[in-house]
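> sequence and predicted structure below; questions after.
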Amino acid sequence: MSKFNNDKVMPRYFAIAVVLTLIGFAIIGKAMYIMTAKKDYWTQVASRLKRDSVTVKPNRGNILSCDGQLMASSIPEYKVFMDFQASADDSIGKRNRDSIWAANIDTICYELNQIFPQKSAAEFKQHLLEGKHKVQKNGTIGSRHWDILRRRIDYNTFCEVHNLPIFKERTYKGGFHWEEYNTRRKPFGTLAQRTIGDVYIAKDSAKNGLELSLDTLLRGKNGLMHRRKILSKYLDIPVLSPEDGVDVVTTIDVSMQDLAERALVDELKEINGEMGVAILMEVKTGDVKAIVNMTRGNDGKYYEMVNNAISYRCEPGSVFKVASFLVALDDGVIDTTMTIPTGCGVMEMHGRPMKDHNWRRGGYGTINVARALEVSSNIGVSYLIDKYYGRNPRKYVEGLYRVGIHEDLKLPLVGYHTPMIRMPDTKTTDRSKYWSKTTLPWMSIGYETQIAPINTVAFYNAIANDGKMMQPRFVKQLMKNGEVIKEFEPVVLKERIAKPQTIKTMQTILEHVVSQGLGKKAGSRSFKVAGKTGTAQVADQYGSYHSGVTRYWLSFAGFFPADNPRYTCIVCLKKSGLPASGGGMSGVVFHHIAEGVMAQNLKRSVDDARDAESVLTPDVKKGNNSAANFVLASLKAKGSVSNNSNREVSKNVVPDVTGMGAKDAVFLLESRRIKTHLKGRGKVKSQSIHAGSSIKQGMVCELILD
C-alpha cells in the first residue's frame, strides 16, 4: 500500500502556489510604486551614484633654445572665488558666519592689499561685502561664486591668498575655492615671439609660429578619469593617464637673438623706420640662430606683430642682382673682365630710362662686370642681361630657378609664402603677369618679382656654402623626459646651385663689394665680410608707388667671415622718404650683428689663459746669484742662470757686465776702481769700455740700461 496521501499533499502545493502568487503581485506592486510615486527620489539617488567620464588635460611641451634655455613653457595659474553661503549654519543650527566675517574681514582686506598693492584695503572690503550681500535668484543671500580678483594669479601668490583667515579653511566650510588654468609663459619676453608663437589659453589652441606648426606634438594626449559621486563628494578613478607633450629644441640662440633685436631696433629708431627684419643663419647646417620681425606700433614703439621674415614678399631690389649675374656667369655669357658702357648714369631701355643711383653726378662711365656689382650699377646689370637674354628671357628665368632664388623652402611655419618669379607670357590677360620688353631689364635688378627675406638669405647662404643650398632649420630635436626621441638633420635642397668656379668668382666679388664698394659700412676691421646692398622703392598699402610719400625697402645680405664663412645674415628695413641707403642703414645693423656674433664666438685655449709670470721661472740676471740660487733651490725650480755669472775675471781687466742688474754691475766695476755712470733702467744693455780692456787709473765707464 502506497504511503503517498493525495488528500493531504495537494492542499499543501496549492497553499504554496497561492503564497508565491501573492509575493509576485507584491513585487510587481512595489516596482510600480517605485516607478511612479518614488520616481523623483530614486532619480536623485541615481544621480549621486552616476559614473561620469572626465577628460584629464596633459601638460603642454616646452619650447627650448638651442642650448636648452626655456623660451616657452606652461605654468599653472589660478582664479580665486568665494562661496559666501558655505557652512552658513554651525552644528547647533545657529547662524554665526556674520560674526566670523565681521571679526576677520579687515585683516583679510589688509593682507590682500599687501599682496596686491594696486588695490586698497577699503576697495577690497567694498568688493567682498558686495558679494556677501548679493541676493541670488532663489532668494538666498550671498554669492556662491564671487571672484576675489578679476585676474589670474601665479602659484606663489595663490598660496599667499589661500593662507589668509577663512580662506585657509576647507572649501565646504570656509567657501574659498579656485579654478586652475595652464598658461604659456616666455621667460625671455618678446625674443623671437612670432617664430616661437602664441597660444589661446582660454580655447587651448595655438595661434601662430612653432606653437601652431607643432601643436599636435606639443599638446600631448588627453587622459581619462571616471568620476563617481558619493553623497556630496566625488571619487576619481583613473582609467587612462594623460600623455604630456614633447619638448621642442629650436635652433634659436638666445644671445644672438637678443643681439640682433637690439641692433635692429636701435637703427629703426634712428631712421624712424616702419618695419625691420633680421635673419641670422649658420652656413653649414642652415640653422636659423636669430630671426627678428619688428613693426612700429601706434605708440611709436616696435613690436613683433607679424613674421615678415617668411611672409612679407616684396621686390628685393639690388640684392637680386647677385642672382642675375650668377645665372649669366654660370651660363658663360659674361665674365668679370667684360666691360659695360654705363655712360653718364642714364640709359634708355625699350622706351624707359634706366638710371644708376649717381646719375646726377655723371654716372660710372665704362666699368667691368665685377665693378658693376661693387657699385650696384642698375645699367651695368640690366644692360648685360637684356643683351644676352633679351631674345630668350625664358632661359634667364629658368636660370633663376636653377640657382635657387625661386626655391620652395618648405618651412615648418604657417604663413610662409614662396617667391613669385614669373615665366615669360605675352598672351595672358592678367596685367600683373604680362611679360613686356621692359620686364627683363627691370627684373634683373630686383623689380617685378616678389621674394620674402628668408628666401634671399637662403640663396646667399648657398653661395657662402660653396653652392650647396640648405633648408633653413628651425627645430633640431624633440625631447621627452630629458631624452631625445627625434633628431631633425640638416636638409640639403640643392647640392649645387652653380658651377664651383662660378661660386668662387661670386664670393670674391661679394667680398670686394664690402672692401671697396657700397657695402663698406657692413665690414669689420677684425674679419672679412662679403655681401651686397639693396635699395628698392616699394608700393604702399594701396599698391601705388606715387602716393606722395616714397617708401623704400633697404637691405643688406651677406656672410662672414668671408674667407671661412660661418654665418649668413640679411637685414631689411622699410622706411618712408629720403635719405635711404641699404649699405648705410641695413649695412650698419649687419655690422653690429656680425661683430657681436664673432665676439661671442671667440674661444680660447685654456693655455691662453695661463699667467706667464706665475708659471714660468723668470731669467736670472748675471751678477751675484747666490741669493737667487738659494731661492730657486728652495722652490726646487730650475732657473736660467747665466753660466758666466760667477766666472772669475782678472782684476786688471774690465769685466763684462752686460745682462747684469745695475747693482751688481756697479759693484763689480767700482771694486776695480772704475767709476760708472748709469743711463736708463733695467739690465745693462751695453758698456762704454769694452770687456777685457786693461784697467787704467781714472777710467769712467758709462752703462746703458734697458
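Noted; the coordinates are in hand.
> in the chain, where is pLDDT below threshold?
1-8, 44-52, 87-97, 201-204, 227-234, 426, 432, 539-548, 602-650 (pLDDT under 70).
> ok, now with 50
Within the chain, the ranges that satisfy pLDDT under 50 run 1, 89-94, 542-545, 605-606, 612-614, 641-647.
> buried stuff in stretch 193-210?
Residues of stretch 193-210 classed as buried under the neighbour-count rule (16 or more other C-beta atoms under 10 Å) are 193-199, 206, 208-210. Any C-beta I mention is one placed from the backbone N, CA and C, and that applies to glycine too.
> make a markdown table from those residues and add distance to residue 372 and secondary structure to it.
Listed next are the buried residues of stretch 193-210 as a markdown table, based on distance: C-beta to C-beta, whole Å; DSSP: H, G, I helix; E, B strand; the rest coil:
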| residue | distance to residue 372 | secondary structure |
| --- | --- | --- |
| 193 | 40 | helix |
| 194 | 37 | helix |
| 195 | 36 | helix |
| 196 | 41 | helix |
| 197 | 43 | coil |
| 198 | 45 | coil |
| 199 | 50 | strand |
| 206 | 47 | strand |
| 208 | 41 | coil |
| 209 | 40 | helix |
| 210 | 41 | helix |
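> can you give me the helices for the stretch 301-450 of the chain?
308-311, 321-331, 369-374, 378-389, 393-403, 439-444 (DSSP state H, counting those that start in this stretch).
> tally of neighbours for residue 512?
17 (other C-beta atoms under 10 Å).
> begin at 327 from now on, thanks
All set: I'll call the first residue 327, so the last point we hit is now residue 838.
> for it, which three-state class applies?
Here residue 838 takes the helix state, with states given by DSSP: H, G, I helix; E, B strand; the rest coil.
> can you give me every residue that contacts it?
696, 700 (C-beta atoms under 8 Å, 6 or more residues apart in numbering).
> and the strands in the stretch 677-826 of the chain?
678-681, 692-694, 795-796, 801-806, 809-813, 818-820 (DSSP state E, counting those that start in this stretch).
> buried deepest among the ones you listed, which one?
strand 795-796 (a mean of 23; mean count of other C-beta atoms under 10 Å).
> related to what we said a few turns ago, in CSV: the helices of the stretch 627-776 of the chain, plus mean neighbour count.
Output for these, formatted as CSV (neighbours: other C-beta atoms under 10 Å):
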stretch, mean neighbour count
helix 634-637, 23
helix 647-657, 24
helix 695-700, 24
helix 704-715, 23
helix 719-729, 18
helix 765-770, 23
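> figure out which of the strands of the stretch 677-826 of the chain is closest to residue 897.
strand 795-796 (19.8 Å; C-beta to C-beta).
> in terms of secondary structure, what does that closest one contact?
helix 779-790, strand 818-820 (3 or more C-beta pairs under 8 Å, 6 or more residues apart in numbering; DSSP states H and E).
> so what strands line up beside the shortest one?
Strand 818-820 sits in its sheet next to strand 795-796 (antiparallel), going by DSSP bridges.
> tell me the gap between the strand it pairs with and the middle of its chain.
Distance of strand 795-796 from the chain centroid (C-alpha atoms, centre = their mean, to the nearest Å) equals 21 Å.
> hey, which of the helices and strands packed on strand 795-796 is tucked in deepest?
helix 779-790 (a mean of 28).
> centre of the chain to that one, how far?
Its chain's C-alpha centre and that of helix 779-790 lie 19 Å apart, by C-alpha atoms, centre = their mean.
> kindly report the same for stretch 1004-1023.
68 Å.
> can you get me the start-to-end distance on that stretch?
Using C-alpha to C-alpha, to the nearest Å, the end-to-end distance of stretch 1004-1023 comes to 20 Å.
> now render the strands of the stretch 677-826 of the chain as a markdown table, adding distance to residue 1009.
Below are these laid out as a markdown table (distance: least, C-beta to C-beta, whole Å):
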| stretch | distance to residue 1009 |
| --- | --- |
| strand 678-681 | 69 |
| strand 692-694 | 59 |
| strand 795-796 | 59 |
| strand 801-806 | 58 |
| strand 809-813 | 61 |
| strand 818-820 | 62 |
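> of all those, which one comes closest to residue 620?
strand 801-806 (23.2 Å).
> and the angle from that closest one to strand 809-813?
140 degrees (axes from the mean of the first three to the mean of the last three C-alpha atoms, to 10 degrees).
> what are the pairing partners of strand 801-806, and which direction each?
strand 573-576 (antiparallel), strand 809-813 (antiparallel).
> for those, give me TSV that also has distance to residue 498.
Shown next, in TSV, are the strands paired with strand 801-806 (distance: least, C-beta to C-beta, whole Å):
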stretch	distance to residue 498
strand 573-576	39
strand 809-813	43
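> how about the helices in the stretch 877-1026 of the chain?
Taking DSSP H, counting those that start in this stretch to define them, one finds helices in the stretch 877-1026 of the chain at 913-926, 938-941, 952-960, 988-996.
> longest strand of this structure, counting residues only.
Counting by DSSP state E, the longest strand found in the chain is strand 396-408.
> so residue 493 touches residue 434, yeah?
Yes: under the criterion of C-beta atoms under 8 Å, residue 493 makes contact with residue 434 at 7.2 Å.
> which of the strands of the stretch 677-826 of the chain sits closest to residue 852?
That would be strand 795-796 among the strands of the stretch 677-826 of the chain, by C-beta to C-beta, at 26.0 Å.
> what lies in contact with the closest one?
By C-beta under 8 Å, 6+ apart, strand 795-796 touches 607, 609-612, 730, 733, 784-785, 787-788, 816-820, 823.
> burial measure for the nearest residue to residue 484 once chain neighbours are set aside, as a count.
Excluding its sequence neighbours, the residue lying closest to residue 484 (C-beta to C-beta, 6 or more residues apart in numbering) is residue 404, at 4.3 Å. Neighbour count of residue 404, defined by other C-beta under 10 Å: 19.
> so what's residue 692 bridging to?
What pairs with residue 692, by the bridge criterion (DSSP bridges), is residue 667.
> dump the residue contacts of it.
665-668.
> could you flag which of these are buried?
The buried subset of the contacts of residue 692 (16+ other C-beta under 10 Å) comprises 666, 668.
> turn the contacts of residue 692 into a markdown table, including distance to residue 1021.
Below are the contacts of residue 692 laid out as a markdown table (distance: C-beta to C-beta, whole Å):
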| residue | distance to residue 1021 |
| --- | --- |
| 665 | 80 |
| 666 | 83 |
| 667 | 85 |
| 668 | 83 |
